[in-house]
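Peer 1: this one's structure only:
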């Protein structure tokens, strides 16, 4: 009598490396979508675990930064704000910046932080930086309520331009995701990235029109200034929420092009490096 084993009845799954430079594997991403939900929920739960103030930090961080900026840049330096009260002017810019900076910081460390899982189980590694970016929407939503209160206090009513707000929100997330793919993949091989990322984010803060208006940038330099993707995002937020005059069209187009370039190149690099993640991490 022939002996049958359990293994003979199990399906055989062969995992092969991609054969092209860009291999999105959308079917695989869809098949593992529930795992992405799990990663997002995990990141949300552990973000403020064992903290005294909990989710209040989502409000305190941009609010206290707004207070400092209002005193230094608004009252002492008296930077122009195009007629917008400085607290609202700066807080509106700090919202997308907080989403971007926190997502980029978490995404850059996402692969190394999950090294035990990466070396034992196969799943789309792209989910790790993606979850870090998407989970930041919770903090954004909490902090956004404070902005609505500030606008109500100062009597600022949004116009129909507010309908464009989801586009600029998506652009901020794509920027974080694009750079997150680059830094997370580099961090697997070069652990110096954990020191580079905070410095990069701090420098980027002052290179972005958060404490000041992009109107301070000479007209002939604004297109070049759009190479900073967050410049277009921040000015887009101000235009959508505060009804400022749209004078950043050329800068926004350059920012969008820069985001697309970073996203495609980051995706290519991430997928090429993905072959070695389990061996190097």
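Peer 2: Now that the structure is in, tell me what you want to look at. Every value quoted in this text rests on a predicted model; they were computed, and no experiment measured them.
Peer 1: Residue 212 in helix, strand or coil?
Peer 2: coil (DSSP: H, G, I helix; E, B strand; the rest coil).
Peer 1: surely it meets residue 79?
Peer 2: Yes - using CB atoms under 8 Å, residue 212 is in contact with residue 79, at 5.0 Å. (Each C-beta comes from the backbone N, C-alpha and C, glycine too.)
Peer 1: which residues are common contacts for these two?
Peer 2: Residues touching both residue 212 and residue 79 by CB atoms under 8 Å, 6 or more residues apart in numbering: residue 73.
Peer 1: correct me, but residue 191 touches residue 111?
Peer 2: No - if you go by CB under 8 Å, residue 191 and residue 111 don't touch, sitting 11.4 Å apart.
Peer 1: more crowded one of those two?
Peer 2: Counted by other CB atoms under 10 Å, residue 191 and residue 111 do not tie: residue 111 has more neighbours, with 26 against 10.
Peer 1: Confirm for me that that one is in contact with residue 187.
Peer 2: Yes - shown here, residue 111 and residue 187 form a contact pair, counting by CB under 8 Å, at 6.5 Å.
Peer 1: give me the number of residues near residue 72?
Peer 2: Count around residue 72 with other CB under 10 Å applied: 12.
Peer 1: From the chain's centroid, how far away is stretch 183-193?
Peer 2: Distance of stretch 183-193 from the chain centroid (CA atoms, centre = their mean, to the nearest Å) equals 17 Å.
Peer 1: now it: mean pLDDT?
Peer 2: Averaging pLDDT along stretch 183-193 yields 90.
Peer 1: now what about that stretch, what contacts it?
Peer 2: Under the contact criterion CB under 8 Å, 6+ apart, stretch 183-193 has outside partners 104, 107-112, 128-129, 194, 196-197, 266, 269-270, 273-274, 276-277, 280-281.
Peer 1: now, which of those lie within helices?
Peer 2: 104, 107-108, 110-112, 128-129, 194, 196-197, 266, 269-270, 273, 277, 280 (DSSP state H).
Peer 1: Can you select the buried ones among these for me in PyMOL?
Peer 2: Restricted to buried positions by 16 or more other CB atoms under 10 Å, the PyMOL selection for those reads:
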select buried, resi 104+107+108+110+111+112+128+129+197+266+270+273+277
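Peer 1: hang on, isn't residue 150 packed against residue 89?
Peer 2: No - in this structure, residue 150 is not within contact of residue 89 by CB under 8 Å, at 10.0 Å.
Peer 1: of the two, who's got more company?
Peer 2: residue 89 (28 against 16).
Peer 1: Now for that one: which residues touch it?
Peer 2: Counting by CB under 8 Å, 6+ apart, residue 89 touches 74, 81-82, 213, 238, 242.
Peer 1: In which helix or strand does it reside?
Peer 2: helix 86-108 (DSSP states H and E).
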